[in-house]
Structure formats: structure tokens, C-alpha cells
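Peer 1: I'll drop the sequence and a predicted model, then ask my questions.
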Amino acid sequence: MGGINRMQAMRDESRLPQQSDMAPAREIWFKDGDQAFVTPIATGEDGDNLLDEIYLYTYKSGNRWINLLSDDEVDTSNVPDTYRPAHKFAFWSYVHEVIHPTKRVDDWIEVQGPGGKKMYKEEVADFRVISLSFGRSDYIWNQLVDVYNDWGSLNKGIVRVKRTGAGMYDTSYQISPTARNLDIPTDRMGDVEDLPVIREYFLGRYGGGATSNNGVASVNDTNDKLF
């Protein structure tokens with residue numbers, strides 16, 4: 001049977017999370033040309049569990065895209081045999097702002113980019129998880145390692161994370177230190193102690209089953225982050 005009401009109900013249902021107790025999404029989702037300016041909260045030192053590696057399945061089941069953590073505590077028996085989990089690293093940061101090449105939200109502020117190009121600033125000013133694939137031959141991960149080696153610790157300055165490309169074969173990421181001087185507000189420093197370690201965050205977010213493409217982990221967002 002067809003009809004507007006039936007089809008709309010099916011669309012609405014497909015956007016609803018299957019887990020009522022799923023942890024809120026706190027990742028930054030990059031699109032082509034986006035660049036985030038962040039202060040890493042993770043130090044990168046031995047035993048730092050605010051930086052960790054994860055394995056995450058992303059696969060389609062019916063009309064839903066499902067994200068499921070590969071972990072000893074997670075039942076992955078329903079994952080199709082043809083899928084393998086993406087290997088990623090993730091770390092907590094205080095995201096000061098994200099600069100976008102196009103205006104997708106009304107309250108983003110127009111700023112002048114290189115060569116006078118119009119760009120749009122999203123003031124995030126909150127703690128977020130940066131989650132990226134290691135990249136071919138670990139090229140993305142090695143950029144983070146270079147920052148750590150240069151500074152002696154990841155949390156000593158402002159890092160820019162930039163995405164270029166929109167497709168599976170033309171997307172790249174750049175992680176680079178900057179000379180920008182942006183501070184985490186003093187009244188927010190106490191919140192650092194309440195941040196869950198990376199593994200606990202992903203268990204809470206992707207450890208219990210499906211997540212729908214409700215704008216937080218949509219088909220485009222999840223697929224883009226695999227490369």
C-alpha cells in the first residue's frame with residue numbers, strides 16, 4: 001500500500017534511534033572543506049585513555065545504516081560476513097570553531113578566508129570527539145604523531161583538522177599545529193574530569209545495536225569517515 005501518510009510514517013520511523021538509552025553523539029562530522037580548530041584534551045602520553053583506537057562496523061540493514069562497535073562486550077553476530085570494521089583513532093578535544101566553505105546553518109558567521117573568499121564560522125565552544133581513520137599507510141595518524149613529537153604533548157596548542165574531498169577515493173585529512181592562541185574557558189576546565197574515556201564513549205554510543213541516520217550519524221556522515 002502507498003499513500004502520503006503511510007510513506008511519511010515509514011520515513012519518520014527510519015529516523016528514530018532504536019536505542020532509547022543511546023549516549024548523545026559528541027563527534028565532529030567533517031564535510032568537504034571543513035576545518036576545525038581544536039585544543040586536544042588527550043595528551044597522547046602512555047596510559048592516556050582520552051585517546052584510543054576503535055573498530056567500528058558501518059553497514060546497511062533494510063533502510064537503516066547501522067554503526068556497531070567491534071568490542072568483546074558487543075554482540076556483532078548480526079553483522080553480515082562481507083563487512084569488516086573500520087579501524088579508527090579517536091580523541092577528546094575542545095573544539096573552538098569549525099570553518100565551513102558553504103553556509104548550511106543560518107547562525108554561522110560569515111568570515112573572510114584566504115584570498116578574500118567567503119567562509120562561515122560555526123562557534124562550537126564545547127568538548128567533542130575527533131574520530132578519523134588511520135588512512136592509507138597511516139598517513140592521517142602519522143600527522144597526529146608529528147604534532148605530539150613536535151610539542152611533546154598533544155594538549156599544548158591549537159590543532160587544525162581539515163577535510164578535503166567528498167568521495168571515497170578523493171578524500172584526505174590534514175592534521176597540523178597552528179600558532180593560534182585560543183584558550184579553553186576557565187569555567188569549563190572542570191568538565192574534563194567528567195569526560196568518558198574513548199572506549200566507554202563508543203560503547204555507550206555504538207555498543208548496543210543500531211543507530212539511525214537521524215542527522216547525527218547519517219549515511220553520508222558515517223561513510224565519509226571511513227576514509
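Peer 2: That came through, no problem. As the structure is a prediction and not an experimental result, all values here were calculated from the model.

Peer 1: the nearest residue to Y206 once chain neighbours are set aside - how many residues pack around it?
Peer 2: Spatial nearest neighbour of Y206, chain neighbours left out: L69 (4.4 Å); criterion: CB to CB, 6 or more residues apart in numbering. Bear in mind the C-beta positions are built from the backbone N, C-alpha and C, glycine included. Other residues within reach of L69, judged by other CB atoms under 10 Å, total 20.

Peer 1: tell me the secondary structure for Q143?
Peer 2: Following DSSP: H, G, I helix; E, B strand; the rest coil, the label given to Q143 is helix.

Peer 1: state the pLDDT value of it.
Peer 2: You'll see Q143 listed with a pLDDT of 98.

Peer 1: ok, it - contacts?
Peer 2: By CB atoms under 8 Å, 6 or more residues apart in numbering, the contact set of Q143 is 173-176.

Peer 1: how does it look with 6 Å?
Peer 2: For Q143, the set of contacting residues under the criterion of CB atoms under 6 Å, 6 or more residues apart in numbering consists of I175.

Peer 1: show me the strands in the protein, by range?
Peer 2: Across the chain, reading from the start of the chain, the strands by DSSP state E fall at 35-40, 51-61, 64-69, 86-100, 109-112, 118-133, 159-164, 172-177.

Peer 1: name the helices or strands packed onto the fourth one?
Peer 2: Using 3 or more CB pairs under 6 Å, 6 or more residues apart in numbering; DSSP states H and E as the contact criterion, the elements in contact with strand 86-100 are strand 35-40, strand 51-61, strand 118-133.

Peer 1: ok, 10 Å please
Peer 2: Under the contact definition 3 or more CB pairs under 10 Å, 6 or more residues apart in numbering; DSSP states H and E, strand 86-100 sits against strand 35-40, strand 51-61, strand 109-112, strand 118-133, helix 139-151, strand 159-164, helix 198-206.

Peer 1: dump it to PDB, keeping only the CA atoms.
Peer 2: This file holds the C-alpha atoms of strand 86-100, laid out as PDB (Å, rounded to 0.1, in the frame of the first residue of the first chain):
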ATOM      1  CA  ALA A  86      36.900   0.300  10.000                       C
ATOM      2  CA  HIS A  87      40.000   0.900  12.100                       C
ATOM      3  CA  LYS A  88      40.000   4.400  13.600                       C
ATOM      4  CA  PHE A  89      41.600   6.500  16.200                       C
ATOM      5  CA  ALA A  90      39.600   9.000  18.300                       C
ATOM      6  CA  PHE A  91      40.500  11.600  20.900                       C
ATOM      7  CA  TRP A  92      38.700  14.200  23.000                       C
ATOM      8  CA  SER A  93      39.300  17.900  22.100                       C
ATOM      9  CA  TYR A  94      37.800  21.200  23.000                       C
ATOM     10  CA  VAL A  95      36.500  22.400  19.600                       C
ATOM     11  CA  HIS A  96      36.700  26.200  19.500                       C
ATOM     12  CA  GLU A  97      35.200  26.600  16.000                       C
ATOM     13  CA  VAL A  98      34.700  25.000  12.600                       C
ATOM     14  CA  ILE A  99      35.100  26.900   9.400                       C
ATOM     15  CA  HIS A 100      32.900  25.800   6.600                       C
END
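
Peer 1: appreciated, that's everything.
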